[in-house]
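# Sharing a model that was predicted from the sequence below.
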Number of protein chains: 2
Amino acid sequence: MPPLSQHLTIGELARRAGVATSALRYYEQLGLISAERTAGGQRRYPRATLRRVAFVRAAQQVGLSLDEVSAALGRLPEGRTPNKADWNHVSATWIRRIDERIAELERLRDRLSSCVGCGCLSLRTCGLSNPGDTAATRGSGARWLLGDTPPS
Amino acid sequence: MPPLSQHLTIGELARRAGVATSALRYYEQLGLISAERTAGGQRRYPRATLRRVAFVRAAQQVGLSLDEVSAALGRLPEGRTPNKADWNHVSATWIRRIDERIAELERLRDRLSSCVGCGCLSLRTCGLSNPGDTAATRGSGARWLLGDTPPS
DNA sequence: GTGCAACTTCAAGCCGACTTGAAGTCAAGC
DNA sequence: GCTTGACTTCAAGTCGGCTTGAAGTTGCAC
């Protein structure tokens, strides 16, 4: 085991952050993290990078693309440890996003539940259209959940 | 506008289902839908296919891959209209899945909220690890949300 | 001073879910 | 019967987020 030094090699960072080294190089390519170099050209990461990587992974769980993460990281200081205000701002955005996605899933679940009640799949009169549901995860999504008639 | 006949062309189905024709051909390739052919080789879809496509799109919103949709469709009759029992079974599975994802998002949100309280990004003593959170959306995900110390 | 794991770069590959394009055929209204 | 838009197949391309492989270099322990 290497001494717990000020700087981490890419392998150490990878192990401790739970990501592959290739992912870290990729993040660097995208400008999400950066590294100092040894005389021989190997990467050495300050410990703060560990937080930065954790941040990236957390953001992905929230559903952000790396592009969006990049934007969010733009608001956090690269050198110093982020303070409460920095963090407050970013996490508020994420929490909004999470809440939206939860609401979306709940709507979908409720539609499914009421389908069970009405035997919807067999009825073209089922009212379970979702015209207002613009925030679908992938593409435009189904315009209505079930039933033969699209909302006119 | 074409007469409202027993069968739909791929273009009609695409418009009414809210998906591209290319997507429909792709679904056919995967065995999710099937079509009769005219003498000239063009696809003609029975109206039930409309439901089938709606089903696929709904399943995708739930977060299923097309592979999983294929499995779910295996339980529904291709020829006849699915009955309440068919539907009950499938929707129950989906609802479980939605509930799981909601729970996951709620946990994440709560961790974020408490981070705001403790100024977590700057503290290595923050307790917000998530060792039990195996159901991450992409890959293994971050082992812990923030803080320098991985769960030992 | 040597052995070997860990590192380096760069290009290419992979996955899912499609989309796009080329080159050609069909169906339906006039 | 001709025109025109909708259709056909097949191969290749796209996108995000990486991974894999080849070919070579570095760093550290012994």
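Thanks, I have the structure now.
# buried sites along stretch A:53-65?
A:Val53, A:Ala54, A:Phe55, A:Val56, A:Arg57, A:Ala58, A:Ala59, A:Gln60, A:Gln61, A:Val62, A:Gly63, A:Leu64 (16 or more other Cβ atoms under 10 Å in any protein chain shown). Every C-beta, even on glycine, is put in place using the N, C-alpha and C of the backbone.
# whoops, I mixed them up, stretch A:13-22
Buried residues in stretch A:13-22, defined by neighbour count with 16+ other Cβ under 10 Å: A:Leu13, A:Ala14, A:Arg16, A:Ala17, A:Gly18, A:Val19.
# Filter these down to just the ones in helices.
A:Leu13, A:Ala14, A:Arg16, A:Ala17 (DSSP state H).
# Spatially, what comes nearest to the first one if we skip its sequence neighbours?
What it means is A:Leu13. A:Tyr45 (5.0 Å; Cβ to Cβ, 6 or more residues apart in numbering or on different chains).
# Could you give the bridge partners of that neighbour?
With DSSP bridges as the criterion, A:Tyr45 is bridged to A:Leu8.
# I figured it hits A:Leu8, correct?
Yes: counting by Cβ atoms under 8 Å, A:Tyr45 does reach A:Leu8; the two are 4.6 Å apart.
# For A:Arg37, grab phi and psi.
phi -130, psi 150 (degrees, to the nearest 10).
# Now go through the buried residues of stretch A:53-65 and say which are in helices.
Members of the buried residues of stretch A:53-65 lying in helices (criterion: DSSP H): A:Val53, A:Ala54, A:Phe55, A:Val56, A:Arg57, A:Ala58, A:Ala59, A:Gln60, A:Gln61, A:Val62.
# List, out of the residues you listed, those positioned next to DNA strand D.
Applying Cβ under 7 Å from any atom of the strand to these, one finds that A:Gln60 fall near DNA strand D.
# What about the residue nearest to A:Leu13, how many residues nearby?
When neighbours are defined as other Cβ atoms under 10 Å in any protein chain shown, A:Tyr45 has 24 of them.
# try A:Arg101
Applying other Cβ under 10 Å, I find that A:Arg101 has 18 neighbouring residues.
# and if you look at A:Arg43?
A:Arg43: 21 surrounding residues under other Cβ under 10 Å.
# Could you point out which residue ranges in chain A have low pLDDT?
Low-confidence segments of chain A (pLDDT under 70): A:1-5, A:76-83, A:115-152.
# OK, contacts around the residue of it found nearest DNA strand C?
Residue nearest to DNA strand C within chain A (Cβ to the nearest atom of the strand): A:Gly11, separated by 2.3 Å. By Cβ atoms under 8 Å, 6 or more residues apart in numbering or on different chains, the residues touching A:Gly11 are A:Thr21.
# near chain B at all, whatever helix or strand A:Ile98 lives in?
For A:Ile98, the element it lies in under DSSP states H and E is helix A:84-118. Yes: Helix A:84-118 reaches chain B (Cβ under 8 Å from any Cβ of the partner chain) through A:84, A:86-88, A:91-92, A:94-95, A:98-99, A:101-102, A:105-106, A:108-109, A:112-113, A:115-116.
# Same question for stretch A:50-61.
Yes: residues of stretch A:50-61 are located near chain B by Cβ under 8 Å from any Cβ, namely A:Leu50, A:Arg51, A:Ala54, A:Phe55, A:Arg57, A:Ala58, A:Gln60, A:Gln61.
# Can you read off the backbone torsions of the second one?
Main-chain dihedrals, A:Arg51, degrees, to the nearest 10: phi -60, psi -40.
# okay, now it: neighbour count?
21.
# separation between it and A:Leu73?
As for A:Arg51, its distance to A:Leu73 is 11 Å (criterion: Cβ to Cβ, to the nearest Å).
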